[in-house]
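> How does the following fold in three dimensions:
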Amino acid sequence: NPYPSQRIYLSTNRTTPFEVKIYHNNVVIGKVNISKGNPNFFEIPRHYIITTNESNLFKPVKMGLYLEADYAYFANLRFSVSNHAEFLTSKGQAGTGNLFYTVMAPISLSNSILNFMTSILATEDNTTIKVSKFNSNVYFSDGVPRTEFNIKLNKGESYIIEGSGDFAVNYKGFIGAKIEADKPISVTNGNFNGQYAGSFSKSSDILMDQNVPVNQLGQEFILVKGLADIGLNMEGAIIVATEDNTEIFVNDESTPLKLLNEGEFFIVPDYKYINQGKEHFNLYIKTTKKAYVYQLLAGSGGQSIEATGGMNFIPALNCFLPKSIDEIGLIDENPILHTNDYPFGITKIPTKLNLITENGATVTVNGVIPNTNHGPFKLKGNLNWVTYGIPNIKGNITIKSDKSITAGITAGNQSAGYGGTFAGLPTKPEIVSEGCFPEVILSVTPDIY
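Predicted coordinates:
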């Protein structure tokens with residue numbers, strides 16, 4: 001599609017400026033200075049991360065980015081083409097690992113502009129990767145039939161897997177594929193163009209997020225609904241099991257919605273969201289074994305809502321959630337250079353901030369306690385947590401709570417929509433006791449000893 005834009009946004013809570021280096025193919029291609037109150041972004045040459053050339057698929061290529069700094073920071077990729085946009089939140093070190101299962105939205109109609117995709121980026125030389133347990137009839141875009149992939153990558157190299165949406169077997173056939181690597185890798189998955197709500201041949205959007213390895217998953221999840229009305233099939237959650245006999249429960253229901261085996265998926269329907277008052281809808285999900293949960297949402301209400309889909313990874317509740325998210329830079333910014341409604345482009349996108357925190361917490365956003373119209377709202381099935389929904393959020397955002405908290409956004413206009421989640425994965429404590437979260441990697445940052 002024409003009118004491409006792609007930027008990495010960077011922000012931090014550190015008041016002393018420091019430098020973030022951006023690498024492509026193990027070479028520094030940019031340096032950005034950031035500090036508290038001074039977020040920044042880096043304009044990415046398109047061919048470093050996005051290709052329309054099928055010869056770049058199904059082989060090692062010099063694509064993908066790696067960022068490095070001496071201090072902690074947020075990084076997120078915000079990109080768009082005409083009428084479509086997405087927002088990928090970097091999971092940092094927690095996003096690299098050895099075992100993943102793919103997640104993408106099931107395709108709801110035959111259309112060659114839709115697809116599924118997965119890309120794998122190596123962090124070390126001589127990385128061996130196996131991709132298996134997908135439908136053997138999946139029709140990949142190079143036309144080569146496969147029952148598995150066996151891939152060798154060096155540091156900074158990546159491998160892109162893709163299949164078109166005009167083959168029925170591709171609608172669901174690659175969801176839950178198993179990715180195993182002998183060295184840490186990073187995985188991004190989804191649909192570069194997806195439609196999951198129905199037969200909307202002229203409506204679609206980018207649905208994508210960075211994945212996380214299985215050892216970062218959990219069993220309890222909270223979602224705040226996007227901007228679609230219940231009944232339009234735009235809101236919901238994709239759950240992918242990582243083990244056999246995984247039961248799925250929602251809210252306070254005692255009967256499982258579904259029993260899944262390894263690699264199988266289920267979509268929690270939109271009517272499972274609970275209206276907690278003031279048109280604020282939330283959803284509690286519990287699984288009996290570790291599972292992936294990705295939220296499907298509408299980034300904008302009103303007309304053409306089926307064109308504003310978003311998909312974002314939802315982290316599990318855990319006891320290492322932070323008490324502050326400081327800071328998210330330029331939260332409402334994502335340049336979309338052309339849409340049907342804005343032929344000359346739009347940069348500031350209407351954005352809603354969603355918060356999840358423990359019951360009884362004192363919460364502030366930029367030092368102000370949220371209006372009671374925006375929360376807190378109870379959660380059916382788990383009274384230990386509450387949610388907030390704050391519309392029309394703008395600029396740099398600092399969120400503080402005296403208890404654990406995580407945040408997400410819902411954003412979009414009439415042509416594009418997306419979501420994102422911040423600070424939902426474990427932070428790096430100075431000292432960790434056993435029994436809190438599985439398989440924690442201990443390390444120290446340069447300014448903490």
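> Which residues are in contact with Ile8?
Contact analysis of Ile8 by CB atoms under 8 Å, 6 or more residues apart in numbering lists 22, 41-42, 44, 65, 67, 75-78. Glycine gets a C-beta too; all of them are placed from N, C-alpha and C.
> same deal with Thr398?
Thr398 touches 13, 324-327, 365-367, counting by CB under 8 Å, 6+ apart.
> So which residues make contact with stretch 285-295?
Residues outside stretch 285-295 that contact it (CB under 8 Å, 6+ apart): 101, 103, 209, 211, 214, 217-223, 226, 236-243, 245-250, 260, 268, 310-314, 316, 381-382, 419.
> Sitting in helices, which of these do you find?
Among the contacts of stretch 285-295, none falls in helices (DSSP state H).
> What subset of those is buried?
101, 103, 209, 211, 214, 217-223, 226, 236-242, 246-250, 260, 268, 310-314, 316, 381-382, 419 (16 or more other CB atoms under 10 Å).
> ok, so of the contacts of Thr398, who is nearest Ala94?
Of all the contacts of Thr398, Ala94 sits closest to Ile325, with 15.2 Å by CB to CB.
> can you list the residues that contact the one helix or strand that closest one maps to?
Applying DSSP states H and E as the criterion places Ile325 in strand 324-328. When contacts are defined by CB under 8 Å, 6+ apart, strand 324-328 is touched by residues 11-13, 36-37, 39, 74, 396-401, 405-407, 422-423.
> Buried ones only from those residues, please, as a ChimeraX command.
Command for ChimeraX that selects the buried part of these, burial taken from 16+ other CB under 10 Å:
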select :11,12,13,36,39,74,396,397,398,399,400,401,405,406,407,422,423
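> So which of the contacts of strand 324-328 are in helices?
Per DSSP H, the contacts of strand 324-328 never map to helices.
> hmm, back to that, what pairs with the strand holding Ile325, and is each one parallel or antiparallel?
Sheet pairing of strand 324-328 (DSSP bridges) gives strand 397-401 (antiparallel).
> residue ranges with poor pLDDT in the stretch 301-449 of the chain?
424-449 (pLDDT under 70).
> should've said the stretch 151-300 of the chain
Within the stretch 151-300 of the chain, not a single segment meets pLDDT under 70.
> Quick check: next helix or strand after the helix or strand Ser119 falls within?
Here Ser119, judged by DSSP H and E, is contained in strand 115-122. As assigned by DSSP H and E, the chain's next helix or strand after strand 115-122 is strand 127-132.
> and the next element down the chain from that next one?
Following strand 127-132 in sequence, per DSSP H and E, is strand 149-153.
> What lies in contact with that next one?
60, 120-122, 126-132, 159, 161, 185.
> Kindly recompute the last result at 6 Å.
60, 122, 127-131, 159 (CB atoms under 6 Å, 6 or more residues apart in numbering).
> Would you mark the buried spots in it?
149, 151, 153.
> Please report the distance of Pro60 from Ser132.
Distance, Pro60 to Ser132, by CB to CB, to the nearest Å: 19 Å.
> now do Ile239
20 Å.
> Leu99 now?
12 Å.
> now swap in Leu321 and tell me
33 Å.
> These two: who's more crowded?
Comparing Leu321 with Ser132 by other CB atoms under 10 Å, the one with more neighbours is Leu321, at 23 against 14.
> Next up, the contacts around that one.
Neighbours of Leu321 in contact, by CB under 6 Å, 6+ apart: 404, 406.
> Quickly find the element holding it.
Once you assign secondary structure using DSSP H and E, Leu321 falls outside every helix and strand.
> Which of the contacts of Ile8 fall in strands?
Members of the contacts of Ile8 lying in strands (criterion: DSSP state E): 22, 41-42, 67, 75-78.
> and stretch 406-421, how far from the chain's centre?
Relative to the centre of its chain, stretch 406-421 is centred 10 Å away, using CA atoms, centre = their mean, to the nearest Å.
> Could you list the buried residues of it?
406-421.
> Out of the contacts of stretch 285-295, which sit inside strands?
Reading strands off the contacts of stretch 285-295 with DSSP E, I get 101, 209, 218-223, 236-241, 246-250, 260, 268, 310-313, 419.
> Excluding chain neighbours, what is closest to Ser203?
Ranked by CB to CB, 6 or more residues apart in numbering and with sequence neighbours excluded, the top spatial neighbour of Ser203 is Ala307, at 3.9 Å.
> Check Tyr284 too.
Gly381 is the one closest to Tyr284 (CB to CB, 6+ apart), at 4.0 Å.
> From Ser136, how far off is that neighbour?
Separation of Gly381 from Ser136 (CB to CB) stands at 38 Å.
> ok, and the closest residue to Pro213 other than its chain neighbours, which helix or strand is that part of?
Of all residues not flanking Pro213 in the chain, Gly97 sits nearest, at 2.5 Å (CB to CB, 6+ apart). Here Gly97 sits within strand 96-101, counting by DSSP H and E.
> List the pairing partners of that strand within its sheet, with orientation.
strand 178-194 (antiparallel).
> Export only the CA atoms of the partner strand, formatted as CSV.
Taking C-alpha atoms only, strand 178-194 is exported to CSV below (Å, rounded to 0.1, in the frame of the first residue of the first chain):
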residue,chain,number,x,y,z
LYS,A,178,5.2,-24.3,17.4
ILE,A,179,8.5,-22.4,17.2
GLU,A,180,11.5,-23.9,18.9
ALA,A,181,15.1,-22.5,18.8
ASP,A,182,18.3,-23.5,20.4
LYS,A,183,19.3,-19.9,21.1
PRO,A,184,17.1,-16.9,22.0
ILE,A,185,15.0,-15.5,19.2
SER,A,186,12.4,-12.7,18.8
VAL,A,187,9.0,-13.4,17.1
THR,A,188,6.4,-11.1,15.6
ASN,A,189,3.2,-12.5,14.4
GLY,A,190,-0.3,-11.6,13.2
ASN,A,191,-1.8,-10.4,9.9
PHE,A,192,-0.3,-7.6,7.9
ASN,A,193,-3.8,-7.2,6.8
GLY,A,194,-6.6,-9.0,8.6
